[in-house]
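*Asks:* Using only what follows, build the 3D model:
(chains A, B, C and D, ligands or ions: 4)
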Amino acid sequence: MSEHGEQQGHIGHVVPVGVYLAVFIALMFGTALTTGVAYIDLGRWNTVVALAIAVVKMLLVVLFFMHVKYSTGLTRIIIIAGFFWLGIMITLSCADELTRRWEIVPKGWSMIAPHIYHLR
Amino acid sequence: MSTATVDLREAPIESSVNYLNARYGIKSWLLTLDHKRIGLLYLGTITFMFFVGGTAAVLMRLHLIEPQGALFEPETYNKMFSTHGIIMVFFFLVPSIPATLGNFLIPLMIGARDVAFPKLNLMSWYIFVTGCCFAMYGVISGGVDTGWTFYPPYSSAYSQTHVIAFALGIFIAGFSSILTGLNFVVTIHKMRCPGMTWFRLPLFIWSMYATSLIFVLGTPVIAITLALLAAERLLHVGIFDPAVGGDPLLFQHLFWFYSHPAVYIMILPGMGVISELITAFSRKKIFGYTFVAFSSLAIAVISFIVWGHHMFVTGQSIYAGLVFSVLSFVVAIPSAIKVFNWMATLYRGSISYEAPMLYALGFIGLFTIGGLTGLFLASLATDVHLNGTYFVVAHFHYIMVGGAVMAYLGGIHFWWPKITGRLYPDYWARIAAAIVFIGFNLTFFPQFMLGYLGMPRRYAMYPSEFQVLNVMSSAGASILGIGYLIPLVYLIWSMRYGPVASANPWKAKGLEWTTASPPPTENFAEIPVVNEDAYNYPVAEPRHYPDAPGVARV
Amino acid sequence: MSEMAAHTPHSHPPGFAHQFETIEQQREAGTLGMWVFLVTEILFFGGMFTSYIIYRALHLQSFIEGSHDLFVKFGATNTAVLICSSLTMAMAIRSAQTGKSKRTIIGYLLVTMLLGATFLFLKLRFEWYADWKEGLIPGVSWIPSAAHTPGVKMFMCFYFFMTGLHALHMVVGLGILTVLVIMTARNRFSSQYYQPLEISGLYWHFVDIVWIFLFPLLYLIGGRYPGS
Amino acid sequence: MMGILQSGVGVLGDVAAMIPLQPPAASSIAAGIDKLYFVLTGITLFFAVLIFSIIFYFMVKYRRRSDDEVPAETHTSMFLELTWTIIPSLICVVLFVWASELYVRNSRPPASSNEIFVIGKQWMWHLQHPEGPREINELHIPVGVPVKLTMTSQDVIHDFYIPAFRVKKDVLPGRYTQLWFQPTEVGTYHLFCAQYCGTNHSEMIGWIYVMPPSDYAAWLAGGEQTESLAQQGERLFSQFGCGSCHAAEGSGKGPSLAGIYGKPEKLQDGQSRIVDENLIRDAIMNPNSVQLPNYQPIMPTYQGQIDPDQMSQLIAYVKSLGSEERNGK
Ligand code: HEA
Ligand code: HEA
Ligand code: CUA
Ligand SMILES: [Cu+2]
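*Replies:* Ligands and ions are numbered 1, 2, ... in the order given. Below you'll find the predicted structure:
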């Protein structure tokens, strides 16, 4: 067992400084971009763009700063699980909150049982 | 291997030093990093909490003997069932099997010296105790009257009781769950001994793994939800308050996002225990190992997408109701798979009826009834009638008391010789098991009838036509109480006076039975190497499995 | 007892714990443990994000109004500050990994802490303090104004809970960094053993990621262009 | 001895006779739900009996006869696994479809319902008939006529539950929920609050009196005469000055409210909502959540000025505007 202490070389992946700097610059650029875009009228797309940039920034941090690009499948599965579960929570809560006011019955349903689905 | 005449009291393999007597003194317990001792610390704590919750239950049942209420003001009764629910769920049943048996057994079963993070493990016990202290402070200083579900706006703006103390207690205890779950996930991934592949793991480990996933993924949500509730109550800001545009149903979504999976936190470990008991007492390999293993994972995953079935009549959108209803049916399937595989395991086994097995068989029957009545509630049309009535109360007690608590007791009895190195009087244990079974059914079966008749739950008084059934239920509860007190007595007795147990009194399979009873601090003399499947009991037509070095066949 | 002797390795690599068989196993366990913890953090913040998303959909107009009470310039500056701190954190770990001198490591760590403190200072001094004076903190100092519908108050609640929780994580992070500085100073790390640095780094980056989402969600919803 | 036994059995019999087994089934939907309930009970009994008897049989047949007994090997069987996965799944599919169809059908009120406003507050039920009479913890209704309840709460969440009708729905603050039923049997039935709402939750109960139509008419006539809800609402409408903006012909600063009820409407953010009780309530309490295109956001909020009682009167009035128009007035 003792030989483990004597291992030579690096443990884990050493990321070149250049990569860190590139990621850093990209993140800074993303911050500037997202702030700048907020001042342009894109209608509904403002939100989409802002979130898309945030996701890209997150991926950069996760993959490079957090070394996930060089990590095992298990780590990736765990991260994906985290976001997947967050997705479950958001989706199914919205499934209630945002459909509560759908008073208009979908067409399919009114075909199943026409006698019920009239609007008052 | 075929030492037919071994007496259960045969001399232990190694007697001298074990985890219990390795060090003495209160400090050696309070500062221990040994997973086995931490398991025992938990055992003591949750037993205490169980009797606190149980006392509340007994008082409630006494109160309900009379339609007008025999003992308390309604306000006191409300505090009673709230305290009962909160303590039983968050401070007893959620940590019950994972934190005691799980802590004790996981490293033993996978052939490790300890869990991955022993300090974290000890810390999680301290956190748990802190949570208990908050809850007990809440109880002593006047209690809480919101029900265990804390629905706002009642809990945030109207209740005059100690909501914050309890919310904080649960918040804190939640972190203990998170740390325990985290520890287990890492331990099961990284600490298995050589040869212990995923598909050689005992099914108890699979179920603990599934449980830990729920701990890790669900508990943070209840923590933040209760934090928001406490903030709303303290600062009067109104996040769930409709007066300022909030939605009280959002709280319910977040609450059940955790609390529905939490009910599987309570049953999955029980299912794991049952898999161990059934195989050990019928001396057979489990039927359909992979199906039982994966059904645990399936339950853990699906449990996260059914929570809305608690909200069918709360004004949730019809569309969401339909989705949650169908998913609730889906989650029943893996449970069915488990039940049938256990039965198939019994087929052509060599079945004996020591107390743990009685609990296991009781579990299967009562869980089936509890689970199938869950289908009444998952069906939208019938839930409209049954929601909020004693039918729901009966449903979950059948699963949580008839199922989870039975499994817990079965597990404690099964591993008691390993934990303490002593045997308990099996005769009394069987009697107690029978009393529990009878008392349980008498308590909770009438509640199904009450529910269908329309008696709402959380009622301090009720119309007199419901009295007969209520009296039956109360009578049952006192029998049940006696049934729970008997094990308390003889188990404590056995710690001192019980006959000394051998390393493997049941002749069961599994690494934990290959080491001494009680195990040494480091669990195994040498880390075992596994090269056979779980539950590899001898069979009539001989098979050729080489004896594993390190896996002594007793 | 014999089992003790059988297990104790002849020489302990630094930081090697008894329950593990190999240091590699310990390393993997540590990293895995931190990732699992971060998943719980995702869901911890997730509860708030879910509520936020739903209320934003229900009270879009008010949320935009509330958002316009925030100072984009500080939000953006702070985002940049945190990104810098992530870089220096990554560099600190890299220095340990490649066996740089302990002064280098400590240097990077201190800069990281400084940046973290800057973040908190800016937040506290120029944002929360101003909000407090303006009466924008629900439950603490809330001055109802005609323009403020209940939805705006709701937005402000979320703003303070989310940024408050984030700030709390920053404070914890600063505590962890302090410990790391001390450990480094005591020569606890080498190019063979620097795991505490590495997993603390994961935590720090995670806190950064939370902010990366908070910034657009809170400061930039619905856009900042004239007439939005 | 026999005597004691006999009287023992007699007492048991008496007790058994005192245990009701089924609540009265007094609404048009009760029979359908009971049918599903009994089928579910049948399934439960079937599996419970099956499992208990199999366990019992195995317990006896395969009991351990000697300690060194070695059982025969059984192999995992894919066929069995699939069988006991698929059969329960099929049962579940049937149950889901059956229950959901019933539920969706049961949750839509028929077009011509008697509409009653319900306000829950700690710890009483407050009910308003459209004709004007108000009741507390009691509801008188004629048999055979569908009743639609529009319910809201003044404080915490309650739940309106009539076991005999098999209906139940939560009553929420800040929002209207709906419940309907059609009583089929004359009688007196329990009304319960089925959502825990605080200290006297168990006393938030009442009675539903289902009467023959003639008795009902007599009851209505017998009470003191009041204005109808809509008339009361009309008075409030002028009292709060709503008419200054909502002129009948739509010439004011606000839209005309005539005929809007029950129709879909496009909001400024593109959403389409049906004008129902909730929308009207939102428009009054929280006007900028109901921003219409082509109108200035000038409508003030009436938060804190209008209590749920008055709200139901206003809503009744706005609804009546609709019906007048439809009636060609
Ligand atoms: C350990 C706890 C536990 C477990 C495991 C379950 C399991 C299930 N529960 Fe239960 N439930 C609770 C604890 C639990 N529940 C609690 C505490 C509440 C109330 C909370 C409160 O309001 O206070 C509750 C409430 C509750 C409700 C809400 C009722 C209401 O408030 O209106 C519903 C509705 O769908 C439901 C459904 C189910 C279903 C479908 C299962 C399924 O997982 C059951 C699956 C099992 C089986 C089906 C049996 C085995 C199968 C067979 C023998 C084969 C035959 C099978 C078929 C034909 C399908 N439960
Ligand atoms: C793990 C979970 C768990 C367990 C084990 C139990 C165990 C029991 N429960 Fe509990 N129960 C819940 C979880 C649990 N319950 C929950 C979540 C609720 C919902 C709460 C809510 O609505 O918010 C509930 C609600 C609930 C109600 C409904 C209250 C209401 O709605 O008005 C009732 C009524 O009979 C009841 C009874 C019992 C009984 C008789 C036991 C028995 O099994 C208890 C047996 C234990 C003992 C009897 C202890 C032995 C101790 C002694 C004998 C000492 C006695 C000492 C003195 C009397 C001084 N429970
Ligand atoms: Cu009102 Cu319960
Ligand atoms: Cu559930």
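*Asks:* Whichever residue of chain C sits closest to ligand 3: neighbour count?
*Replies:* Closest residue of chain C to ligand 3, C-beta to the nearest ligand atom: C:Pro150 (25.1 Å). C-beta: built from backbone N, CA, C; applies to glycine. Using other C-beta atoms under 10 Å in any protein chain shown, C:Pro150 has 23 neighbouring residues.
*Asks:* ok, now the one 10 residues further on?
*Replies:* Residues contacting C:Phe160 under the criterion other C-beta under 10 Å number 21.
*Asks:* what's the answer for D:Val93, then?
*Replies:* By other C-beta under 10 Å, neighbour count at D:Val93 equals 12.
*Asks:* hang on, the earlier thing: out of everything not next to it in sequence, what's closest to the residue of chain C closest to ligand 3?
*Replies:* With C-beta to C-beta, 6 or more residues apart in numbering or on different chains as the measure, B:Val244 is the residue that lies nearest to C:Pro150, at 3.9 Å, once sequence neighbours are left out.
*Asks:* In contact with the one you found: list those residues for me.
*Replies:* B:237-238, C:150, C:153-154 (C-beta atoms under 8 Å, 6 or more residues apart in numbering or on different chains).
*Asks:* Top of the residues you listed by number of neighbours, please.
*Replies:* C:Met154 (27 neighbours).
*Asks:* Okay, and that residue sits in which element?
*Replies:* helix C:150-185 (DSSP states H and E).
*Asks:* Could you pull out the buried residues of that helix?
*Replies:* C:150-163, C:165-167, C:169-170, C:173-174, C:176-177, C:180-181, C:183-184 (16 or more other C-beta atoms under 10 Å in any protein chain shown).
*Asks:* Likewise for stretch D:301-321?
*Replies:* Neighbour count says stretch D:301-321 has D:302, D:306, D:308, D:310-321 buried, by 16+ other C-beta under 10 Å.
*Asks:* now for those, which pair is the farthest apart?
*Replies:* D:Pro308 and D:Leu321 (20.4 Å; C-beta to C-beta).
*Asks:* Next, the residue of the stretch 1-150 of chain B at minimum distance from chain C: secondary structure please.
*Replies:* Nearest residue of the stretch 1-150 of chain B to chain C: B:Asp114, at 3.7 Å (C-beta to the nearest C-beta). Secondary structure, DSSP: H, G, I helix; E, B strand; the rest coil: B:Asp114 is coil.
*Asks:* from the chain's centre, how far out does stretch D:68-84 sit?
*Replies:* Relative to its parent chain, stretch D:68-84 has a centroid offset of 49 Å by C-alpha atoms, centre = their mean, to the nearest Å.
*Asks:* does ligand 1 sit close to it?
*Replies:* No: using C-beta under 6 Å from any ligand atom, stretch D:68-84 stays clear of ligand 1, coming no nearer than 7.4 Å.
*Asks:* dump the residue contacts of D:Ser289.
*Replies:* Counted by C-beta under 8 Å, 6+ apart, D:Ser289 has contacts B:245, C:58-59, C:61, C:151, D:282.
*Asks:* at 6 Å what do you get?
*Replies:* D:Asp282 (C-beta atoms under 6 Å, 6 or more residues apart in numbering or on different chains).
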